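Student: pasting the sequence and the predicted coordinates here, then a few questions.
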Amino acid sequence: MTTRTDTSETPFIESREDLLAVFSGGEKPRDKWLIGTEHEKFVYRTADHRAPSYDEPGGIRDLLAGLTEFGWTPVEEGGKVIALAGKDGTISLEPAGQLELSGAALSDLHLTCAEAGRHLEQVKAIGDRLGLGFLGLGMWPDKARADLPVMPKGRYEIMLRHMPRVGSLGLDMMLRTCTIQVNLDYASEADMVKKFRVGLALQPVATALFANSPLTEGKPNGFKSFRSHIWEDTDPHRTGMLPFVFEEGFGYERYCDYALDVPMYFVFRDGKYIDAAGKSFRDFLDGKLDVLPGEKPRMSDWVDHMSTAFPEVRLKSFLEMRGADGGPWGRICALPALWVGLLYADGALDAAWDRVKHWTIEEREALRHAVPRQALAAPVPGGGTMRELAAEVLNIATAGLTERAALNGAGDNEGGFLDPLREVVASGMTFADRLLEKYHGEWGGDVSRVYDEFSF
């Protein structure tokens, strides 16, 4: 989740144009389009597989402190280091201590993968010293909520209180899941709309290809991506497939209205988070927010508020693709490769839109609902299975990466980063399927084996 690293004062919001300026201000010419990749992993004690707390010796605080040896700068909240800032982006903490790298915005996937590699080397070096390991899955395979610590971040206290009021699985989302995401640019409002629509319609493809959360508290949970299913019962006001994105006239104005209607979580003032859960940002604009009577929001409040909406694709000053489970290191580069291939080349974007533009709202929702349980076996609109659709989509993405022609020093384009996804389609086996195969086979139901075989 978003971590505030800049606490400087921003201007007050004077008009609706100020709200819209966040979106229009993200417009960039093609030669300025960048790639921002975010990936989370679970941290555990190698001695007993326990999730470490923040304050314990050799815990999360000490992990962050150790990473400063590599040039990372501490970011504090309430006198405690809760994030790190550096040339490779931001290292931050998810609610139960999941460690996230929100990578820097980079020009190509070769740089993205090099960044991920540096991060891996750094966290493993400090982890080895502290007796910590790192696991790449979409959900803790063996931990109950009660087994997990909570990190000292004010926004998390507010969210943990509010989640049970609006859904049954929100606490699981916060405490027990990990994801990979990619942030991408757009040239204009029309370009944003087309990319948003393709991203939403094909988000279930990413969910299926990256399905990696089939185990809960040591047993199969009946899903291939339980992490994705969790979002279906987290908070209906701020999640989902956003049918209005496909309606005629969709653009910045309509998304602004959606964001304004998302209930608030908090307001950040004087280094602290003020609980505003369930309240209206529209009231805040009118100076009628009862927790800050008479005060009107600043631009930073609007940016904070937009970070508390969690649809499958999210618009800020860029587009976030949010449908993938966390996974092993080799797949971190595959997610940005998929979306860059589909969205950053005109021919690929047109082909992807042609493939999905005739789907109805009901068909898109049905696919979104089927994929967490069925993954590659899910039926797709028009007939066939997700496996067949994923093969088509990978071919389109491959063509897009070829069209981009972003080469490394050896003259290779970015297409090789799709190889892990090609293997999934060729074999018909997601990572979740392989986990379940081991669980029912050589592991004999002993889920603790996951730490030996699937740690970074």
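Tutor: Yep, that arrived.
Student: where are the low-confidence patches of this structure?
Tutor: 1-5, 7 (pLDDT under 70).
Student: and the closest residue in space to residue 388 that isn't next to it in sequence, how many neighbours?
Tutor: Distances taken as CB to CB, 6 or more residues apart in numbering put residue 380 closest to residue 388, at 7.4 Å, once the chain neighbours are dropped. Yep, even glycine has a C-beta here, placed from its N, CA and C like the rest. Neighbourhood size, residue 380 [other CB atoms under 10 Å]: 24.
Student: give me phi/psi at residue 205?
Tutor: Dihedral pair for residue 205: phi -60, psi -50, per degrees, to the nearest 10.
Student: ok, it to residue 230 distance?
Tutor: 19 Å (CB to CB, to the nearest Å).
Student: which of these two has more neighbours?
Tutor: residue 205 (28 against 25).
Student: and the more buried one, how far from residue 109?
Tutor: Distance from residue 205 to residue 109, by CB to CB: 18 Å.
Student: need the contact list for the residue sitting furthest away from the middle of the chain.
Tutor: The C-alpha centroid of the chain is most remote from residue 294, which lies 35.2 Å away (CA atoms, centre = their mean). Counting by CB atoms under 8 Å, 6 or more residues apart in numbering, residue 294 touches residue 287.
Student: one more time with 10 Å, if that's ok
Tutor: Neighbouring residues of residue 294 by CB atoms under 10 Å, 6 or more residues apart in numbering: 287, 288.
Student: then it would be within a strand, right?
Tutor: No: counting by DSSP: H, G, I helix; E, B strand; the rest coil, residue 294 falls outside a strand, being coil.
Student: residues near residue 321, how many?
Tutor: Neighbours around residue 321, by other CB under 10 Å: 25.
Student: and the helix or strand encompassing it, how far out from the chain middle?
Tutor: Using DSSP states H and E, residue 321 maps to strand 319-325. Between the centre of strand 319-325 and the centre of its chain there are 5 Å (CA atoms, centre = their mean, to the nearest Å).
Student: each with direction, which strands does it pair with?
Tutor: strand 179-184 (antiparallel), strand 313-315 (antiparallel) (DSSP bridges).
Student: buried residues in that strand?
Tutor: 319, 320, 321, 322, 323, 324, 325 (16 or more other CB atoms under 10 Å).
Student: the fourth one touches residue 238, doesn't it?
Tutor: No: between residue 322 and residue 238 there is no contact under CB atoms under 10 Å: 11.9 Å.
Student: mutual contacts of those two, please.
Tutor: Listed contacts common to residue 322 and residue 238 are 231, 310, 311, 314; contacts here mean CB under 10 Å, 6+ apart.
Student: which one of those is nearest to residue 243?
Tutor: Minimum distance to residue 243 across the shared contacts of residue 322 and residue 238 is 10.7 Å, recorded for residue 311 (CB to CB).
Student: would you list the phi and psi of residue 311?
Tutor: According to degrees, to the nearest 10, residue 311 has phi -70, psi 170.
Student: for it, which residues are in contact?
Tutor: So residue 311 contacts 196, 200, 203, 231, 238-242, 245, 255, 258, 262, 320, 322 (CB under 10 Å, 6+ apart).
Student: and it, how far from residue 318?
Tutor: Noted for residue 311: a distance of 14 Å to residue 318, by CB to CB.
Student: now do the residue lying closest to residue 186 once chain neighbours are set aside against residue 348, distance only.
Tutor: In space, and not counting its chain neighbours, residue 186 is closest to residue 192: 4.0 Å by CB to CB, 6+ apart. Note on residue 192: its distance to residue 348, by CB to CB, is 17 Å.
Student: same question for residue 448.
Tutor: Here residue 448 is placed at a distance of 43 Å from residue 348 (CB to CB).
Student: of these two, which one has the most company?
Tutor: Counted by other CB under 10 Å, residue 448 and residue 348 do not tie: residue 348 has more neighbours, with 25 against 12.
Student: thought that one was touching residue 392?
Tutor: No: counting by CB under 10 Å, residue 348 does not reach residue 392; the two are 11.7 Å apart.
Student: anything in contact with each of the two?
Tutor: With CB under 10 Å, 6+ apart as the test, residue 348 and residue 392 reach no residue in common.
Student: so what's the gap between the helix or strand where residue 342 lies and the chain middle?
Tutor: Using DSSP H and E, residue 342 sits in helix 334-343. Between the centre of helix 334-343 and the centre of its chain there are 14 Å (CA atoms, centre = their mean).
Student: any idea how far stretch 292-310 is from the chain center?
Tutor: On CA atoms, centre = their mean, the centre of stretch 292-310 falls 21 Å from that of its chain.
Student: what comes up buried for that stretch?
Tutor: Neighbour-count burial for stretch 292-310 flags 292, 297-310 (criterion: 16+ other CB under 10 Å).
Student: now the end-to-end length of that stretch.
Tutor: In stretch 292-310, first residue to last residue: 25 Å (CA to CA, to the nearest Å).
Student: with stretch 306-322 instead?
Tutor: In stretch 306-322, first residue to last residue: 14 Å (CA to CA).
Student: in a helix, the residue nearest to residue 186, correct?
Tutor: Yes: counting by three-state DSSP, residue 192 falls inside a helix.
Student: pretty sure it sits against residue 198.
Tutor: No: counting by CB under 10 Å, residue 192 stays clear of residue 198, with 11.0 Å between them.
Student: what do these two both touch?
Tutor: With CB under 10 Å, 6+ apart as the test, residue 192 and residue 198 reach no residue in common.
Student: now the strands for the stretch 1-150 of the chain?
Tutor: Remark: strands assigned in the stretch 1-150 of the chain by DSSP state E, counting those that start in this stretch are 35-45, 73-77, 80-86, 89-93, 99-103, 132-135.
Student: in TSV: those strands, plus mean neighbour count.
Tutor: Converted to TSV, these look like this (neighbours: other CB atoms under 10 Å):
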stretch	mean neighbour count
strand 35-45	24
strand 73-77	15
strand 80-86	19
strand 89-93	23
strand 99-103	23
strand 132-135	21
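Student: residue 381 and residue 389: what is the separation?
Tutor: On the measure of CB to CB, residue 381 and residue 389 end up 9 Å apart.
Student: what residue is smack in the middle of the chain?
Tutor: Ranked by distance to the mean C-alpha position of the chain (CA atoms, centre = their mean), the top residue is residue 181 at 3.8 Å.
Student: my guess is residue 183 contacts residue 335. True?
Tutor: No: contact criterion CB under 10 Å: residue 183 and residue 335 do not qualify, at 11.2 Å.
Student: can you get me a residue count around residue 315?
Tutor: Residue 315, neighbours per other CB under 10 Å, totals 26.
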